[in-house]
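*Asks:* Let me see the structure of the following:
(2 chains)
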Amino acid sequence: MMHIPFRVVFEQRGETPRRLSLLVPLASVFAALFFGALFLLATGHSPIDTYSNMFQDGFASFNGITDTLALSTVLICTGISAAFAFQMNLYNIGGEGQLYLGLIGGAWAGIALGDHLPTLMMVPLVLLCGALAGAAWIFVPAFVRSRLGTSEIVSTLLLTYIGASLIKHVIYTPGSFFRNPNTSFPQGRLVADSASLDSFGSSRLYPTFFVALIIAGALYWVVKRTEFGYRINVISDSPRAAHYAGINARRTTMWVMLISGALSGLAGAMLIVGPYGKIEPSIITLGYGYAGIVVAALARNNLGVIIVSGILFSGLRVGGNNLQVTTDTPIHIGVMLQGAILLFALGGEAFRRYHIHVVRVHDATVKKVAA
Amino acid sequence: MSNTSHEVAQGPHHTSGAASTALSAHSIDKKFPGVLANDSVDFDVRAGEVHTLLGENGAGKSTLAAVLCGLYQPDAGYLMRNGKRINLSSPRAGLQHGIAMVHQHFRLVERFTVSENVILGSRDLPFKLNRREINEKVAAVAESYGLPIDPDATVGDLSVGQRQRVEIVKALYQGAEILLLDEPTAVLVPSEVEKLFENVHAMTAAGKSIVFISHKLGEVVEISDRVTVLRNGRVTGHVSGRGTTDTKELARLMVGRDIELNAQRATHATGHEVLQIRNLSLSIDDVAVLTEISFNVHAGEMVGIAGVAGNGQRELADTIAGLISPTSGSVSISGAMTTDCGPIQAREVGLAYVPEDRLGMGLVPSMSILDNLLLTRDRQIVVDRVSVRPEAARLIEQFEIKANGPDHLARKLSGGNAQKVLLARELSGGRSATKLLVVCSPTRGLDVGAIETVRRLINDARSAGQAILLISEDLDEVLSLSDRVLVLYRGAVVHETSGETAQLSQVGAAMAGLS
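*Replies:* Numbering: from 1, shown residues only, chains lettered A, B, ... in the order given. Model prediction:
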């Protein structure tokens, strides 16, 4: 029999030490950076230069940090969208599609309601319409999930493709309501001025950033402190206990999914009142909804931590995107790093759940007994 | 390792001198973070005997068994097999020495057949399996120990008792000489226990050694040749001689003090009717689960429902608790009709329900004691934990719950303490003062000390004038506590008797459907 002198033992932890909860995500980021460094070296780039450029562009300059916070506005929303559904073990993979619908819903309100209303009413209306459109987009998956138990993973994901086609349809169809009638080049029609916010100074950061922060905080409070949050916790842990206590799991499932869809829709509407002012068809290549899943995973679905992971992840993305402009490093390095961080973050879970140690198999004793 | 194992493990060894020690453990120490699970434990088992490891939950029985079969390596001490020192680095090494463990939670692949499960893990199988040959061999092994089983049956279709038989056959097929049975009766109904004990006798008669792990005193006395009692990781006593052992003495060794298991029966007259069940029938998927059940429970009275598991007990309890709507018939609690109106309304008229599954149904494992107290209560839109906290602390003290306070997570409680939390919540009333308490298998899986407390608490509730419906598969429990006993068989009440005059033989016959 072959004999390996060492064995790796996975011992399940009763309780995850507090320091590990912080250490593991940080270590995951560093491990991902290290992995990226190997890749950079192999393709003939200097990891140190590349990373310092990324850091500079993502966090350490005025434009960098404001761009990062601007992007995080969207990613925090899609992040809490994914994480909120996950509080009840529901996987809303279709935040991407709900975000498209939020864009459409927001643009509709911004165009149709015209210039009749003041900004103070118009912007909330646009945001609300976007959120409602996002919620409408998840309604069918939520309904069949809560009534029949149909997998929401498949239904929400597939609806994303339809959502992408819908974006293309409303922009590329001649004469479409959402298409700019004054240009022959297919472009989105601009929303009314009263539906657009001004950014802070020379930056590209909009006040919606603070809306995202407030919503993240509010949902955290809802889950921790309210009866609705209590129900979510009971159902996610033991559906039978919920039944025993007379808690209506169907209704709660429905609500949680609708709120999750609304949050992704809100992210889309925030793009309307903020940087875009119209439906930007390139949205379907940006993957902000999918990135929300990564942001939620990095925060381990903790609604309070998502603000941090959202900003961190946005910084990486902003820095990564600027690489191509400032250096000759391909943009895909940034994308690869994002993937690597997710992979390492999920892999790092093993360290939180298990105490992993290498033990020597007592070879010597065995031989002694044999002799 | 490979060198030693082959020397000793080949074939069944000579057993005519029945007193030879087959396996022994010497001064075993095993530490886990914060606990010394085994503290210089000595243990030995001879060929052809049943040696029981008795102890409360957490006494170190399972740890010692894991050391004996190679699952854990001891921190100190050593094992000897037939007089030779051995070192077991894994359960496979244990198996090579003829030592096998039958776990409490079976490790079978449900979609595989019996013989596929039996050969699973064998390393010397040919690429193409000869199923007929394997089936014959499996059947032969099973037959020789009186464990009849169809090798082609799919494990998923088998009853719990039959699955356990598959585990035992698997161990025997792999050449086990020493079988460690970890709480084997915990999952079995009385008739299956009887069969298991016959199998154990057949195995010992063939020279096998059985290490029997249990905390149930009655069966320990019935089956064991010798008993070793563990408490807090240490051996507190050895007792030998089948059937001659005094359960009281064993209980004292286990718990470290005298134990009174037979709670006092209520003597005072009972009051008005609290629970009324009329012609209750329930069909699930066109299968009749409950048929035409009618009975009452009065204030200050305890009615016991006896029966073998799966005769409708769980459904009866769930129907009374408003979790299932009956097909026909009615349930009323303190005069209010509660049929079909859901658990919340039933609780509002005085229902309290302790279900069989403590963690996962009665309690939410990942929540604190405090949050679990809120489960069956009226909660405001913003949950008010601040005002419940002092009550939680008071209940923890009053019910002697071993916990670090109201924030202690339910899943980190021992079985006995979890049951006390559940009883504390249900007895302290939530939506209204408790008038009817439905309890299912309240002491299942608990250790002796906890059983005593739980029975006392239920009895106190009865003395306080609450109506109690006790549903339990533990016949002794039902007979010793109840004022009236009903026997449920195939969803119908087939026998009724007063608790005091109940004849064990009659009730037993009714449970088996013979009345």
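*Asks:* In the longest helix seen in chain A, which residues are buried?
*Replies:* If each helix of chain A is counted by residues according to DSSP state H, the longest one is helix A:119-148. For helix A:119-148, the buried set under the neighbour-count rule, 16 or more other Cβ atoms under 10 Å in any protein chain shown, comprises A:122-123, A:125-138, A:141-143, A:145-146. No exception for glycine: its C-beta is placed from N, CA and C like everyone else's.
*Asks:* among these, which are in reach of chain B?
*Replies:* The subset of the buried residues of helix A:119-148 lying close to chain B, counting by Cβ under 8 Å from any Cβ of the partner chain, is empty.
*Asks:* one step back: could you point out which element follows the longest helix of chain A?
*Replies:* Counting by DSSP states H and E, the element after helix A:119-148 in chain order, helix or strand, is helix A:152-172.
*Asks:* quick check: mean pLDDT across the longest helix of chain A?
*Replies:* The average pLDDT within helix A:119-148 is 96.
*Asks:* Run the chain-centre distance for that helix.
*Replies:* Centroid separation for helix A:119-148 versus its chain: 17 Å, with Cα atoms, centre = their mean, to the nearest Å.
*Asks:* between it and helix A:152-172, how many degrees?
*Replies:* Per axes from the mean of the first three to the mean of the last three Cα atoms, to 10 degrees, the angle that helix A:119-148 makes with helix A:152-172 is 140 degrees.
*Asks:* Please give the element, helix or strand, for B:Val41.
*Replies:* Taking DSSP H and E as the definition, B:Val41 sits inside strand B:35-46.
*Asks:* ok, and what's touching that strand?
*Replies:* B:18-31, B:51, B:53, B:60, B:63-64, B:67-68, B:74, B:76-77, B:178, B:209-211, B:228, B:230, B:232-235 (Cβ atoms under 8 Å, 6 or more residues apart in numbering or on different chains).
*Asks:* Note down every partner strand of it and its orientation.
*Replies:* Sheet neighbours of strand B:35-46, with direction, are listed as strand B:21-32 (antiparallel) (DSSP bridges).
*Asks:* export the partner strand as PDB, just CAs?
*Replies:* What follows is the C-alpha trace of strand B:21-32 in PDB, where atoms were taken according to Å, rounded to 0.1, in the frame of the first residue of the first chain:
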ATOM      1  CA  THR B  21      -9.700 -10.700  25.200                       C
ATOM      2  CA  ALA B  22     -10.300  -9.700  21.700                       C
ATOM      3  CA  LEU B  23      -9.600  -6.000  21.900                       C
ATOM      4  CA  SER B  24      -8.500  -3.800  24.700                       C
ATOM      5  CA  ALA B  25      -7.800  -0.100  25.300                       C
ATOM      6  CA  HIS B  26      -5.300   1.000  27.900                       C
ATOM      7  CA  SER B  27      -5.300   4.500  29.500                       C
ATOM      8  CA  ILE B  28      -6.800   6.200  26.500                       C
ATOM      9  CA  ASP B  29      -6.700  10.000  26.600                       C
ATOM     10  CA  LYS B  30      -8.500  12.100  24.000                       C
ATOM     11  CA  LYS B  31      -8.700  15.900  24.200                       C
ATOM     12  CA  PHE B  32     -10.800  18.200  22.200                       C
END
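*Asks:* Report the buried residues of it.
*Replies:* Neighbour-count burial for strand B:21-32, with 16+ other Cβ under 10 Å as criterion, is recorded at B:Ala22, B:Leu23, B:Ser24, B:Ala25, B:His26, B:Ile28, B:Asp29, B:Lys30.
*Asks:* Wait, the fourth one touches B:Gly77, no?
*Replies:* To tie it back to what came earlier, the one meant is B:Ala25. Yes - with contacts defined as Cβ atoms under 8 Å, B:Ala25 counts as touching B:Gly77 at a distance of 6.6 Å.
*Asks:* Show me what the longest helix of chain A is packed against.
*Replies:* The helices and strands touching helix A:119-148, judged by 3 or more Cβ pairs under 8 Å, 6 or more residues apart in numbering or on different chains; DSSP states H and E, are helix A:95-112, helix A:152-172, helix A:249-271.
*Asks:* Run the angle between the last one and helix A:95-112 for me.
*Replies:* Calculated by the same axes, to 10 degrees, helix A:249-271 forms an angle of 60 degrees with helix A:95-112.
*Asks:* Could you list every helix and strand that helix A:249-271 packs against?
*Replies:* Applying 3+ Cβ pairs under 8 Å, 6+ apart, one finds that helix A:249-271 makes contact with helix A:62-86, helix A:95-112, helix A:119-148, helix A:208-225, helix A:227-237, helix A:239-244, helix A:288-298.
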